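1. the following block contains a protein sequence and its predicted model.
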Amino acid sequence: MTRTQFFTAIAERTELKGKQVKAVFDTAYDVVLKNLQKEGKIPVGTLGFVKLVQRKPRMGRNPATGEQIKIPAKTVVKFTVAAPIRHAFTKKKPK
C-alpha cells in the first residue's frame, strides 16, 4: 500500500477529502515530533507508542570487508505496537 492509497482509504471511510486526511497526518507528525523531544514517549492513538531509546556502543562488522568496527552510542526512535494489534498476528491470546 502506498501513502496515497493509505490516505485515500482513510478518506473513503471517514468521508473526508484526501487533502484533509493528509493535513491531519501532517499535523500529527508535527505534534509527535515536538512532544517526543520534550517527553521521550508519547501514545499514537490506539496504534501504540513512539519513544526515544538510548542504544549502547557496540562492535559491529563491515559486511563488505569483514573488518570489525565500533558503532557509537546513539538515540533512536522506536515504535511499539499496541497489544491488540500485536495479538492479532500471534497465536498467543491476551490475558
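-> Received the coordinates, thanks.

2. separation between Phe49 and Phe79?
-> With the distance defined as CB to CB, to the nearest Å, Phe49 ends up 7 Å from Phe79. Yep, even glycine has a C-beta here, placed from its N, CA and C like the rest.

3. with Ala9 instead?
-> To Phe79, Ala9 is 20 Å away according to CB to CB.

4. same question, Val24
-> Spatial separation of Val24 from Phe79 under the definition CB to CB is 19 Å.

5. compare the two (neighbour count), which wins?
-> A direct count of neighbours by other CB atoms under 10 Å for Val24 and Phe79 places Val24 higher, at 14 against 10.

6. name the single longest helix found in the protein.
-> Ordering each helix of the chain by length in residues (DSSP state H) puts helix 18-39 first.

7. pLDDT of that helix, averaged?
-> The pLDDT scores in helix 18-39 average 91.

8. can you spell out which helices and strands pack onto that helix?
-> The elements that helix 18-39 packs onto, with contact taken as 3 or more CB pairs under 8 Å, 6 or more residues apart in numbering; DSSP states H and E, are helix 3-14, strand 41-44, strand 48-55.

9. now name the helix or strand holding Pro84.
-> Take DSSP states H and E as the rule and Pro84 turns out to sit in helix 83-88.

10. please save the CA atoms from that helix in PDB.
-> Extracted C-alpha coordinates of helix 83-88, given in PDB (Å, rounded to 0.1, in the frame of the first residue of the first chain):
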ATOM      1  CA  ALA A  83      -1.200  -5.200  22.400                       C
ATOM      2  CA  PRO A  84      -4.400  -5.700  20.400                       C
ATOM      3  CA  ILE A  85      -2.600  -5.300  17.100                       C
ATOM      4  CA  ARG A  86       0.300  -7.500  18.200                       C
ATOM      5  CA  HIS A  87      -2.000 -10.200  19.400                       C
ATOM      6  CA  ALA A  88      -3.900 -10.200  16.100                       C
END
